[in-house]
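S.K.: 3D, please:
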Amino acid sequence: MNKACVLIIEGTNCEEEMKIALTQVGIEAEIVHLKQLTGDVPKEKARKLSDYEILMLPGGWSAGDYVRAGAIFAARIKSKLMPDVKEFVDNGYMVGGICNGFQILTELGLLPAFEGIPDQPDAALTNNQNTKFQCRPSYLRHENKCAFTEKIKPGQVLQVPVAHGEGRLTFGENDKKMLAELVENKQIVFRYCRPDGSFAKGVFPWNPNGSLSDIAGICNPEGNVLGMMPHPERVMEKIQNADWTRTSPQGSGDGRIFFESIAEYVKKR
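M.R.: Now for the predicted structure:
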């Protein structure tokens with residue numbers, strides 16, 4: 001059975017949902033504290049990143065989101081675990097970040113990683129354009145395939161909730177240049193859209209945070225590292241979709257295919 005590490009520190013709060021979602025698609029998942037990977041625990045509790053094929057960074061407010069969202073978690077990874085993480089990525093294993101996890105991946109430089117992992121982050125996930133925390137259903141259009149979207153059709157629309165205050169992807173003064181690179185490299189995996197699949201064009205609430213070019217999720221050039229703000233682990237069952245009363249409470253939620261894609265990819269490796 002393929003094995004996933006769901007990595008946490010204090011303040012992470014979506015690890016159980018992540019573990020359940022992975023388990024439901026046949027992946028053995030373990031919630032692991034960062035200290036278990038850095039060796040700062042008794043020997044019997046220690047783990048190695050090389051014991052896993054998938055590394056998932058779940059949502060929450062790691063370290064209270066002090067300094068910047070995800071910055072402290074990323075700094076701790078950089079200080080003691082970064083060589084292992086780089087080797088993990090270089091070996092083609094999967095690294096996924098949802099919400100706070102996406103913020104951590106950008107802080108680490110694992111995304112967008114146009115030319116490898118930089119010393120300083122190229123991107124930021126900053127305050128929502130309307131300055132308010134957004135917890136609502138969102139619609140995502142699948143733009144480009146990566147390791148995490150093997151089973152999702154191009155152009156397919158998924159209803160997946162968001163819950164964040166800092167989800168606006170930006171490259172600052174380099175927005176135009178970096179967006180062109182993302183498009184050229186086919187690194188834009190998900191964009192916020194309207195229910196019919198047409199682009200949000202920055203219009204609230206279809207784009208809940210004002211993210212550049214309606215971007216909801218990106219991958220690295222190799223496609224084995226992905227970050228996204230919406231929470232697919234929260235819609236594994238149809239009854240969890242916001243419109244279930246107008247459709248049916250039976251069947252799979254729109255987030256399940258994301259995790260089925262992960263299972264499909266690791267089985268092929």
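
S.K.: Run through who's touching the longest helix belonging to the chain.
M.R.: When the chain is parsed with DSSP state H, its longest helix is helix 256-268. By C-beta atoms under 8 Å, 6 or more residues apart in numbering, the residues outside helix 256-268 that reach it are 2, 21-22, 24-27, 53-54, 94, 96, 147-152, 158, 232-233, 235-237. Quick note: C-beta positions are derived from backbone N, CA and C, even for glycine.

S.K.: Tell me which residues touch residue 55, please.
M.R.: Taking C-beta under 8 Å, 6+ apart as the test, what residue 55 contacts is 4, 5, 7, 49, 85, 88, 93, 94, 95, 96.

S.K.: same thing but at 7 Å, please
M.R.: Taking C-beta atoms under 7 Å, 6 or more residues apart in numbering as the criterion, residue 55 is in contact with 5, 7, 49, 88, 95.

S.K.: pLDDT averaged over whichever helix or strand residue 106 is part of, what's the number?
M.R.: Under the criterion of DSSP states H and E, residue 106 resides in helix 100-108. Computed over helix 100-108, the mean pLDDT rounds to 98.

S.K.: for stretch 261-269, same thing?
M.R.: 92.

S.K.: from the middle of its chain, how far away would that stretch be?
M.R.: Offset of stretch 261-269 from its chain centre (C-alpha atoms, centre = their mean, to the nearest Å): 17 Å.

S.K.: Also stretch 219-229?
M.R.: Centre-to-centre, stretch 219-229 and its host chain are 8 Å apart (C-alpha atoms, centre = their mean).

S.K.: Could you work out the end-to-end span of it for me?
M.R.: Start-to-end span of stretch 219-229 (C-alpha to C-alpha, to the nearest Å) is 12 Å.

S.K.: now do stretch 155-174
M.R.: First-to-last distance for stretch 155-174 - C-alpha to C-alpha - comes to 27 Å.

S.K.: So for it, mean pLDDT?
M.R.: Mean pLDDT, computed over stretch 155-174, is 97.

S.K.: from the chain's centre, how far out does the longest helix of the chain sit?
M.R.: Distance, centroid of helix 256-268 to centroid of chain: 15 Å (C-alpha atoms, centre = their mean).

S.K.: Same check on stretch 196-214?
M.R.: Using C-alpha atoms, centre = their mean, the offset of stretch 196-214 from its chain centre is 18 Å.

S.K.: Give me the buried positions along it.
M.R.: For stretch 196-214, the neighbour count (16 or more other C-beta atoms under 10 Å) marks 200, 206, 207, 208, 209, 210, 211, 212, 213, 214 as buried.

S.K.: Ok, stretch 50-60 next?
M.R.: Quick answer for stretch 50-60 (16+ other C-beta under 10 Å): 52, 53, 54, 55, 56, 57, 58, 59, 60.

S.K.: hmm, back to that, the longest helix of the chain: which residues count as buried?
M.R.: Applying 16+ other C-beta under 10 Å to helix 256-268 flags 256, 257, 258, 259, 260, 261, 262, 263, 264, 265, 266 as buried.

S.K.: Among the residues you listed, which one lies nearest to residue 125?
M.R.: residue 258 (19.2 Å; C-beta to C-beta).

S.K.: all strands of this structure, in order?
M.R.: Secondary structure of the chain (DSSP state E): strands at 3-8, 28-33, 54-57, 94-98, 124-126, 134-142, 157-164, 168-170, 188-193, 215-219, 225-228.
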